[in-house]
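J.: Need coordinates for the below:
(one chain, ligands or ions: 1)
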Amino acid sequence: MKFIITLCLCIQSFFGVSQLFQPKKAYTRQDTLRGSITPERAWWNLQYYHLSVKIQPNDSTISGNNLITYKVLKPAQTIQIDLQNPMQITKVEQDGQSLNYKRDGNAFFVELQKKQVVGKTESIKVFYEGKPRIARRPPWDGGFSWKKDSEGNWFITTSCQGLGASVWWPCKDHMYDEADSMLISITVPKKLQDISNGRLLRVIDNPDDTRTFDWFVSNPINNYGVNINIGNYVHFSEKYKGLKGDLDCNYYVLPEDLEKAKVQFKQVPMMLKAFEHWFGPYPFYEDGYKLVQVSYLGMEHQSSVTYGNKFANGYLGRDLSGTGWGLKWDFIIVHESGHEWFANNITDKDIADMWIHESFTNYSESLFTEYHFGKEAGAAYVRGCRKLIGNQEPIIGDYEVNESGSGDMYYKGGNMLHTIRQIIDNDEKWRQILVGLNKVFYHQTVDTKQIENYISKKAGINLSKVFDQYLRNTKIPTLEYKVENGGITYRWTTCIDGFSMPIKIENAKGKYQFIQPSTEWKSLKGVTELKIDENFYVNVKKD
Ligand SMILES: [Zn+2]
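T.: The predicted structure follows:
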């Protein structure tokens, strides 16, 4: 049930913590082919995709091709392209010449005839067709969703986080390497529209009663972010005056929901205001921002965030934090758009490090709340989400097998970040760290150590033990203390070896001060009761 713990959004509220007790599956060769940088992937750097797909709703089939442009990094003659069963590759060409290939499950190994010269840019064209997997529970268990709207028009969407884009199109299906730009050409029955990522370049009328929508993405894009949304959409738009000038915001919804959308989507400028403050400029001004209605809950598709939260505040009308603050805003607008900074701008190289997407984006909900409703509101929200933490499996998953860690990457990760903010104890410095991450790792794929080291360096505090404790261990540190000799003695327990973390306590004068507990006993005079700042996510135990 890998998909349940890999995906965006708030899985635990659906499935309960019991999912976390499931045994880990044994990994297969297919997991390695999908999740590792195989020799047949490592030698080439992906540069550009032109994906052309014809959608045939009447028999739920698709067919098309993907032109894959890459730069040769090392000498090699075999290239790996991924496409999942039951989809079929029908032909692969380089310079018009047909190539041999062999299939190994969901991976295809193509033998290149032309000598691949280091430093040269080359292309292959992969033709494919089939009946793509139908999404069972989008967006968590994805694929194609062939739905109809209330007027009987087709309403077709894709979602593939975790599962991978190769469920519906042939690609280099690994997070570490992104296309630097992409053209997406989608052909649909004439009365429908396709809304994909980036900007609409043109619409071509074809003689066979179809139309082709050409969408161009001018920035690096992760595979799972590529999406198609086909329906009888109506459109409205606005320009947001942001940090990098005018940002085009385009909204696509079904006609029956237009009036509701016009009210609910007023939260988009509020979201942009808060997140540009905390994280810096929206990372894809060139491609614009879109919010596109879909038949499932939503997903962080880059520059075309999908939306299915029923035009109401909360998470399908509920407040995940239980504090009331989660009902002040639309969870999908805030959370999925937060991923434009953490997931789409800064992307993990391996989904084992998916906390980089979900922990920061979970914390973005708190930061949005803080920006619009005050600091205590934001803090109450993140603390309120603690009841959703399982502490059964580490946040970081297994590497090189396309396996993310536990669902604690959301609420526990958010609380870890909130705790680190308390340690730093300087809100402007904290904000500069968040802005700095989005600047230094702009449009990059990263691993967890890059993020951890950057935060430690900018904080001026070695936080490596804190990250190890919260990301790689299931135990929550306990501040154990005894009252004796007119003061207290204290230490950290239920923690990793060598754990030390400063914590803020209330002293006898009712003022807050920092103490520096380690796993060794230390003492503090003049304090007879230990009251910690509740913003630290720790346990306290009096002996
Ligand atoms: Zn998410």
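J.: what's the neighbour count on Gly526?
T.: Gly526 has 10 neighbours, counted by other C-beta atoms under 10 Å. The way it works is simple: take the backbone N, C-alpha and C, and place the C-beta from them, glycine included.
J.: I'd guessed it sits against Gly487; true?
T.: Yes: at 6.1 Å, Gly526 and Gly487 qualify as touching, with contact defined as C-beta atoms under 8 Å.
J.: Please point out which parts of stretch 207-223 sit buried.
T.: Using 16 or more other C-beta atoms under 10 Å as the test for burial, stretch 207-223 gives 210-223.
J.: From those residues, pick the one nearest Trp278.
T.: Asn219 (20.7 Å; C-beta to C-beta).
J.: Let me see the contact set for that closest one.
T.: Asp180, Ser181, Gly198, Pro283, Phe284, Glu286, Asp287, Gln302, Ser303, His443 (C-beta atoms under 8 Å, 6 or more residues apart in numbering).
J.: go again using 10 Å as the cut-off
T.: Shown in contact with Asn219 (C-beta atoms under 10 Å, 6 or more residues apart in numbering): 178-182, 197-198, 283-287, 302-303, 344-345, 442-443.
J.: swap in Phe236?
T.: Cys249, Asn250, Tyr251, Tyr252, Val253, Leu258, Ala261, Lys262, Phe265.
J.: Among these, which one sits closest to the ion?
T.: Phe265 (19.3 Å; C-beta to the ion).
J.: isn't the closest one right up against Cys249?
T.: Yes: using C-beta atoms under 10 Å, Phe265 makes contact with Cys249 at a distance of 8.3 Å.
J.: Name all residues that sit in contact with those two at the same time.
T.: Phe236, Glu238, Leu291.
J.: Which helix or strand contains the second one?
T.: Using DSSP states H and E, Glu238 sits in strand 234-242.
J.: So what angle separates the directions of the following helix or strand past that strand and strand 234-242?
T.: The helix or strand immediately downstream of strand 234-242 is strand 245-253, counting by DSSP H and E. Angle, strand 245-253 to strand 234-242, by axes from the mean of the first three to the mean of the last three C-alpha atoms, to 10 degrees: 160 degrees.
J.: tell me the contacts of Leu33?
T.: 40-41, 80, 82, 104-107, 109, 173-174, 401-402 are the contacts of Leu33 under C-beta under 10 Å, 6+ apart.
J.: Let's see the ChimeraX selection covering just the buried ones among those residues.
T.: Here is the ChimeraX command that selects the buried residues among these (16+ other C-beta under 10 Å):
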select :40,41,80,82,106,107,109,173,174,401,402
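J.: Help me confirm that Val268 comes into contact with Val305.
T.: Yes: counting by C-beta under 10 Å, Val268 touches Val305, with 9.3 Å between them.
J.: Compare those two (neighbour count), which wins?
T.: Val305 (28 against 22).
J.: ok, now how distant is the residue lying closest to the more buried one once chain neighbours are set aside from Leu247?
T.: By the measure of C-beta to C-beta, 6 or more residues apart in numbering, the closest residue to Val305 outside its immediate chain neighbours is Glu336, 4.7 Å from it. Per C-beta to C-beta, to the nearest Å, Glu336 is found 17 Å from Leu247.
J.: again with Tyr282
T.: For Tyr282, the distance to Leu247 - C-beta to C-beta - is 6 Å.
J.: between those two, who's got more neighbours?
T.: Taking other C-beta under 10 Å, Tyr282 and Leu247 do not tie; Tyr282 has more neighbours (25 against 21).
J.: quick one: the more buried one and Gly288 touch, right?
T.: Yes: when contacts are counted by C-beta under 10 Å, Tyr282 is listed as touching Gly288 (9.4 Å).
J.: Quickly list what's touching both of those two.
T.: Tyr240, Leu247, Cys249, Ser303.
J.: secondary structure class for the residue of the stretch 401-543 of the chain at minimum distance from the ion?
T.: Proximity of the stretch 401-543 of the chain to the ion (C-beta to the ion) peaks at Tyr410, 7.3 Å away. Three-state call for Tyr410 (DSSP: H, G, I helix; E, B strand; the rest coil): helix.
J.: what about it, neighbour count?
T.: Neighbour number of Tyr410 under other C-beta under 10 Å is 29.
J.: cool, and Leu67?
T.: So Leu67, with other C-beta under 10 Å, has 15 neighbours.
J.: gap between it and the ion?
T.: Here Leu67 is placed at a distance of 31 Å from the ion (C-beta to the ion, to the nearest Å).
J.: got a list of what that residue touches?
T.: Tyr48, Tyr49, His50, Leu51, Ser52, Glu93, Ser123, Ile124, Lys125, Val126, Leu183.
J.: How about Phe265?
T.: Counting by C-beta under 10 Å, 6+ apart, Phe265 has contacts Phe236, Glu238, Cys249, Tyr251, Val253, Met271, Leu291, Tyr307, Phe311, Asp330, Ile333.
J.: one more time with 6 Å, if that's ok
T.: Tyr251 (C-beta atoms under 6 Å, 6 or more residues apart in numbering).
J.: swap in Lys482?
T.: Counting by C-beta under 6 Å, 6+ apart, Lys482 touches Thr489, Asp543.
J.: so is it in a helix, a strand, or just coil?
T.: Following three-state DSSP, Lys482 is assigned to strand.
J.: hey, what's it bridged with?
T.: According to DSSP bridges, the residues that bridge with Lys482 are Thr489.
J.: Can you read off the pLDDT for it?
T.: In this model, Lys482 is scored at 95, pLDDT.
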